[in-house]
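*Asks:* Need coordinates for the following:
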Amino acid sequence: MTMRSTDPVARTSRRFLAPLLGVGAAAVLAAGCGASSHSSSASTTAPTAVPVTTAAGGGSTSTAPATTAPAATTTAPATTAPASTAPAGPQPCATAQLTLSLGLGNGAAGSTYVPLYLANSGPSTCTLSGYPGVSYVGGGNGTQIGAAATRDPSTPVATVSLAPGQRAQSQLRLIDPYDFDTSTCKMVPVQGFRVYPPGQTAAAFVKDPGQACSSTTLPQPALFVGAVRAG
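*Replies:* Model prediction:
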């Protein structure tokens with residue numbers, strides 16, 4: 001047997017609370033289901049953390065990512081010094097471009113002074129400076145006779161420029177072989193002179209037949225040569 005409340009207020013409260021409880025339970029269930037469905041289907045990505053530096057005053061300051069300036073790649077263009085266009089000066093006279101000859105001799109006190117001429121027969125200007133190398137030759141084959149000429153310092157050394165056709169000269173001093181003791185001199189016939197122009201290693205022959213001492217141990221030189229000079 002069920003006892004019913006006879007309190008009118010209680011009956012009224014139950015009448016109104018029952019619907020409310022039903023609605024609330026339904027809402028809770030719906031919310032639970034919705035949350036579960038959303039959690040299982042959606043994927044979340046954690047945001048990238050921004051580095052934060054705590055300032056001395058207690059605040060926080062964001063640190064910007066460091067940037068590096070690109071290295072300079074500009075290369076200066078290479079420069080080349082212009083080639084020199086200054087014309088070269090006259091070159092020393094080569095033996096092949098010279099014509100050699102003897103001038104007239106002058107005798108004095110047992111010596112004969114003879115000019116040796118060196119003429120530029122080439123197509124361009126050249127120079128001479130210093131002493132020629134001179135010696136007697138004979139035997140029909142260019143064999144040297146006696147000692148080579150000794151340099152005479154009485155003429156100063158100078159550079160002589162020779163245009164085509166011009167000439168310079170060097171003075172030869174020939175000692176009379178009869179001034180020497182014949183046993184010491186050993187006089188023999190000669191055909192002329194072998195001449196090396198200053199600074200050259202090729203020789204030229206100048207014809208001048210005569211007599212000369214063949215000894216290389218004379219008490220004094222039998223032949224002298226002076227430095228080249230204009231003329």
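*Asks:* Every contact and neighbour count from this point should use C-alpha atoms.
*Replies:* Will do.
*Asks:* in what helix or strand does Phe205 lie?
*Replies:* Using DSSP states H and E, Phe205 maps to strand 204-213.
*Asks:* Tell me the strands beside whichever helix or strand comes after that strand, with direction?
*Replies:* Next along the chain after strand 204-213, taking DSSP H and E as the criterion, comes strand 223-226. Using DSSP bridges, the strands paired with strand 223-226 are strand 150-152 (parallel), strand 167-175 (antiparallel).
*Asks:* Turn those into CSV, columns for mean pLDDT and mean neighbour count.
*Replies:* Formatted as CSV, these follow (pLDDT from 0 to 100; neighbours: other CA atoms under 10 Å):
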stretch, mean pLDDT, mean neighbour count
strand 150-152, 97, 18
strand 167-175, 97, 22
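*Asks:* tell me the contacts of Ala158?
*Replies:* Residues near Ala158 by CA atoms under 8 Å, 6 or more residues apart in numbering: Ser129, Gly130, Ala227, Val228, Arg229.
*Asks:* Give me the neighbour count for the last one.
*Replies:* So that's Arg229. 22 (other CA atoms under 10 Å).
*Asks:* re earlier: among the contacts of Ala158, which ones are in strands?
*Replies:* Ser129, Arg229 (DSSP state E).
*Asks:* of the contacts of Ala158, closest to Leu102?
*Replies:* If you rank those by distance to Leu102 using CA to CA, Val228 comes first, at 13.8 Å.
*Asks:* Would you quantify the distance from that closest one to Gly140?
*Replies:* 28 Å (CA to CA, to the nearest Å).
*Asks:* Look at these two and report which has more neighbours.
*Replies:* In this view Val228 and Gly140 are compared by other CA under 10 Å, and Val228 has more residues nearby, 26 against 8.
*Asks:* Chain neighbours aside, what residue packs nearest to that one?
*Replies:* Ser170 (4.6 Å; CA to CA, 6 or more residues apart in numbering).
*Asks:* on that earlier part again, which stretch among the strands paired with strand 223-226 comes nearest Gly110?
*Replies:* Closest approach to Gly110 among the strands paired with strand 223-226 (CA to CA): strand 167-175, 6.3 Å.
*Asks:* Could you look up the next helix or strand downstream of that closest one?
*Replies:* Per DSSP H and E, the first helix or strand lying C-terminal to strand 167-175 is helix 182-185.
*Asks:* quick one: buried residues of that following helix?
*Replies:* Cys185 (16 or more other CA atoms under 10 Å).
*Asks:* Repeat that for stretch 179-199.
*Replies:* Across stretch 179-199, burial judged by 16+ other CA under 10 Å covers 180, 185-199.
*Asks:* So which of those are in strands?
*Replies:* Per DSSP E, strands hold the following members of the buried residues of stretch 179-199: Met187, Val188, Pro189, Val190, Gln191, Gly192, Phe193, Arg194, Val195, Tyr196.
*Asks:* just to revisit the earlier point, nearest to Ala96 among the contacts of Ala158?
*Replies:* For these, the residue nearest Ala96 by CA to CA is Ser129; the value is 16.6 Å.
*Asks:* Check the gap between that closest one and Ala148 for me.
*Replies:* Distance from Ser129 to Ala148, by CA to CA: 19 Å.
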